[in-house]
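>>> any chance you could fold what I've pasted below:
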Amino acid sequence: MSDYLNELNEGQRAAVLYNDGPSLVIAGAGSGKTRVLTYKIAWLLENGYQPWNILALTFTNKAAREMKERIALQVGADRARRLWMGTFHSIFLRILHAEAGRLGFSPQFTIYDAADSKSLIRGIIKEMGLDEKTYKPGVVQGRISNAKNHLVAPAGYAANREAYEGDCAMKMPAIRDIYRRYWDRCRQADAMDFDDLLIYTYILFRDHPEVLAHYQEQFRYILVDEYQDTNFAQHSIVLQLSQSQRHVCVVGDDAQSIYSFRGADIDNILYFTKVYPDTKVFKLEQNYRSTQTIVSAANSLIEKNQWQIRKEVFSEKEKGDPIGVFQAYSDVEESDIVVNKISELKRRNHYVWADFAVLYRTNAQSRIFEEALRKRSIPYRIYGGMSFYQRKEIKDVIAYFRLVINPNDEEAFKRIINYPARSIGNTTIGKITTAANGHNVSLWSVLCEPLSYGLELNKGTVGKLQGFKELIMGFQESISRKNAYEAGLEIIQASGIAQDITQDNSPENLSRKENVDELLNGMSDFCSQRLEEGDDRIRLSDFLSEVSLLTDQDSDQNSDNEKVTLMTVHSAKGLEFRNVFVVGMEEGLFPSEMSGNSPRALEEERRLFYVAITRAEEHCFLSYAKTRFRYGKMDFCRPSRFLQDIDTRFLRLPQDVLARHKIDEAAQNFRNSVRPISPSPTGTQRSLRRIEQYSPSNPSRQVPVSAPTSGNKLYAGQLIEHERFGIGEVLRVEGEGDNAKATIRFRNAGEKQLLLRFARFKVIE
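Numbering: from 1, shown residues only. Modelled structure (predicted):
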């Protein structure tokens with residue numbers, strides 16, 4: 001037996017050595033699946049298989065590269081290099097280049113990336129005389145991509161009644177015609193997009209049995225990593241190739257299937273044994289990553305799912321601490337609690353910043369944690385994404401704010417003059433820039449008096465520029481009467497940004513909506529906090545001044561190894577950290593409100609939470625806020641149902657929850673302790689309604705701050721409960737009447753001085 005096989009546990013070794021037919025390896029979190037895959041390939045190479053007889057399919061080039069490097073250590077670099085190992089797309093591209101002529105393409109066919117594909121679709125929409133605001137290229141591209149990933153060509157799509165009814169419901173009945181033209185135009189251009197690499201491979205094998213037979217004979221053994229993430233097309237091609245030899249090994253974990261929005265189909269792994277009845281199932285159940293407590297907590301969570309392959313993951317590491325559950329009075333206090341805990345653990349256990357990760361359900365949640373970390377000068381990085389204020393939609397909105405405050409801001413001017421699209425093209429912008437440079441004035445000056453600066457434009461273009469000028473000048477006149485939140489909300493609505501980001505429900509667009517809404521939340525919070533602290537600088541210019549300090553950070557020289565990691569749970573899959581904080585554990589946030597009441601969708605959300613918990617090696621913490629600043633006011637939140645799915649033996653719960661209360665009752669008690677707030681729509685629906693229904697004449701939507709909840713006279717030594725900062729002790733009270741101020745030391749937010757006429761709190765002791 002090869003020495004490396006001695007490194008495997010019994011279950012891993014059995015999976016490596018089995019070679020009598022199809023096998024399914026269910027690999028629990030942290031169970032060493034990569035080691036099993038690499039050692040199995042090494043074992044095959046040492047037992048009669050040539051490198052070109054092995055097809056190993058992965059989802060990332062990084063995974064393929066790492067496995068090849070490990071295999072090379074066992075069998076030599078030359079043999080490892082000759083393996084057919086890579087991503088689905090890279091392997092199928094290799095096959096298509098060799099067989100292109102059979103499909104009517106040249107061997108040198110072009111690959112269109114997503115931008116090329118979208119550009120072609122946009123051109124077709126224009127040629128067909130369709131309204132691009134209705135037929136948004138990104139949405140059309142998504143529908144075509146989905147069809148291809150289900151192996152539906154244009155003729156099949158046109159004949160599919162369900163697809164047509166879906167397009168009609170989206171007011172886009174012509175998608176089937178766009179798809180046909182797009183398919184034909186790609187063929188005319190001798191080009192394929194990424195999805196074509198799948199559908200044309202399937203067509204090649206379906207229509208040319210001699211080609212399929214050749215590759216079936218060549219690939220004597222097929223291995224697939226992360227099988228729970230395969231879509232219908234990938235699953236079907238694997239089935240085509242493995243029909244003859246039936247030596248196929250797929251590895252994955254149904255409990256970590258979290259990419260249905262990308263087309264992944266969990267049924268591919270759940271029903272693998274139905275497709276291949278003679279499958280041998282191996283379960284890798286020993287977790288080498290996490291403490292016993294973390295593993296047990298994750299098991300107690302995921303067992304609530306109905307659709308799964310049952311397994312009992314265990315750990316032989318130390319028992320470890322219970323999973324800590326933090327309840328915060330608000331999202332503001334939640335960020336303070338988390339950052340304070342990070343600092344405490346680092347100091348006490350001598351961790352480095354890179355040992356910590358904060359995981360959240362949506363990108364928009366990063367803002368408040370970024371600001372809390374900045375306040376304490378803690379270095380951080382956004383993994384797999386950009387810092388909140390660097391995201392395109394946020395920079396677009398901020399550019400509007402900048403131009404309204406300073407119309408001579410050239411970069412802001414160029415960024416938004418044609419956003420949202422108002423048919424002011426690069427040629428016109430170039431003419432404005434040339435005129436401005438020639439007369440040594442700003443672009444705005446030329447825009448205001450085009451004839452004075454010799455700008456030669458047709459009547460239609462002059463009218464569009466005049467409309468843009470009037471829009472900005474209207475904002476300039478309006479903001480003098482409004483605070484930052486009111487001004488920002490009006491600009492987002494009247495500029496057309498609100499309409500632009502609410503036209504479809506694609507994942508990308510939903511993220512844009514969430515980010516813009518979070519910006520407004522931050523602006524509202526900015527106004528409220530400043531007024532409470534006795535600072536009346538709450539205009540749009542004041543907000544911009546503060547934001548500039550957040551976006552124009554000094555470039556630090558720290559490597560990513562010296563930073564706290566912030567990321568979505570989806571981005572965290574496959575990673576591990578010594579200490580993990582999963583934040584925003586509230587209904588409508590995690591699980592996402594998008595899951596609705598769909599059992600399947602809720603189970604995927606639970607799997608996503610399972611992924612979050614199992615990223616932790618030593619400590620895991622969960623947090624939720626009783627209130628979250630939304631839509632210009634505080635909203636009451638209910639703790640996530642998933643918190644109740646975890647066996648309480650593995651949790652360290654907040655004290656008031658332990659006092660014979662269920663987790664959700666704790667929030668209800670807090671809700672009953674303050675004056676009721678009128679019910680409002682939830683989640684994205686509420687977000688869009690807030691933006692779309694805004695009216696400058698509606699005073700109830702213009703004031704983001706509320707009257708204080710307490711008229712009690714304060715004394716030093718009293719305890720108060722603040723709606724954002726939580727529990728605090730009054731240190732001193734100064735002044736009288738409207739000028740009365742209190743200095744309060746909060747448990748998590750630190751010391752703050754509040755102007756009592758604006759402060760929202762109640763005395764509790």
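
>>> and the host helix or strand of residue 397, which residues are buried?
For residue 397, the element it lies in under DSSP states H and E is helix 392-405. Burial within helix 392-405, assessed by neighbour count using 16 or more other Cβ atoms under 10 Å, is assigned to 393-405. C-beta: built from backbone N, CA, C; applies to glycine.

>>> what would those look like in JSON lines with distance to residue 591 and pLDDT?
As requested, these are exported to JSON lines (distance: Cβ to Cβ, whole Å; pLDDT from 0 to 100):
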{"residue": "393", "distance to residue 591": "24", "pLDDT": "92"}
{"residue": "394", "distance to residue 591": "26", "pLDDT": "92"}
{"residue": "395", "distance to residue 591": "30", "pLDDT": "91"}
{"residue": "396", "distance to residue 591": "30", "pLDDT": "93"}
{"residue": "397", "distance to residue 591": "28", "pLDDT": "95"}
{"residue": "398", "distance to residue 591": "31", "pLDDT": "92"}
{"residue": "399", "distance to residue 591": "35", "pLDDT": "91"}
{"residue": "400", "distance to residue 591": "34", "pLDDT": "94"}
{"residue": "401", "distance to residue 591": "34", "pLDDT": "93"}
{"residue": "402", "distance to residue 591": "37", "pLDDT": "90"}
{"residue": "403", "distance to residue 591": "40", "pLDDT": "92"}
{"residue": "404", "distance to residue 591": "39", "pLDDT": "93"}
{"residue": "405", "distance to residue 591": "40", "pLDDT": "90"}
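
>>> between those, which is nearest residue 482?
Here the nearest of the buried residues of helix 392-405 to residue 482, counting by Cβ to Cβ, is residue 404; it sits at 11.2 Å.

>>> list the contacts for the closest one?
Residue 404 is in contact with 472, 475-476, 479, 487, 491, 540, counting by Cβ atoms under 8 Å, 6 or more residues apart in numbering.

>>> so which elements touch the host helix or strand of residue 345?
For residue 345, the element it lies in under DSSP H and E is helix 331-349. Packed against helix 331-349, as judged by 3 or more Cβ pairs under 8 Å, 6 or more residues apart in numbering; DSSP states H and E, are the following elements: strand 323-330, strand 356-360, helix 366-375, strand 577-582, strand 616-630.

>>> would you reformat these as JSON lines and include mean neighbour count and distance to residue 192?
Compiled in JSON lines, the helices and strands packed on helix 331-349 are given as follows (neighbours: other Cβ atoms under 10 Å; distance: least, Cβ to Cβ, whole Å):
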{"stretch": "strand 323-330", "mean neighbour count": "23", "distance to residue 192": "47"}
{"stretch": "strand 356-360", "mean neighbour count": "26", "distance to residue 192": "36"}
{"stretch": "helix 366-375", "mean neighbour count": "21", "distance to residue 192": "36"}
{"stretch": "strand 577-582", "mean neighbour count": "24", "distance to residue 192": "39"}
{"stretch": "strand 616-630", "mean neighbour count": "25", "distance to residue 192": "42"}
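
>>> please name whichever of these is nearest to residue 119.
Comparing the helices and strands packed on helix 331-349 by Cβ to Cβ, helix 366-375 comes nearest, at 30.5 Å.

>>> packing partners for the helix or strand following the closest one?
With elements assigned by DSSP H and E, the helix or strand that comes after helix 366-375 is strand 380-382. On a contact count with 3+ Cβ pairs under 8 Å, 6+ apart, strand 380-382 meets helix 366-375, strand 564-568.
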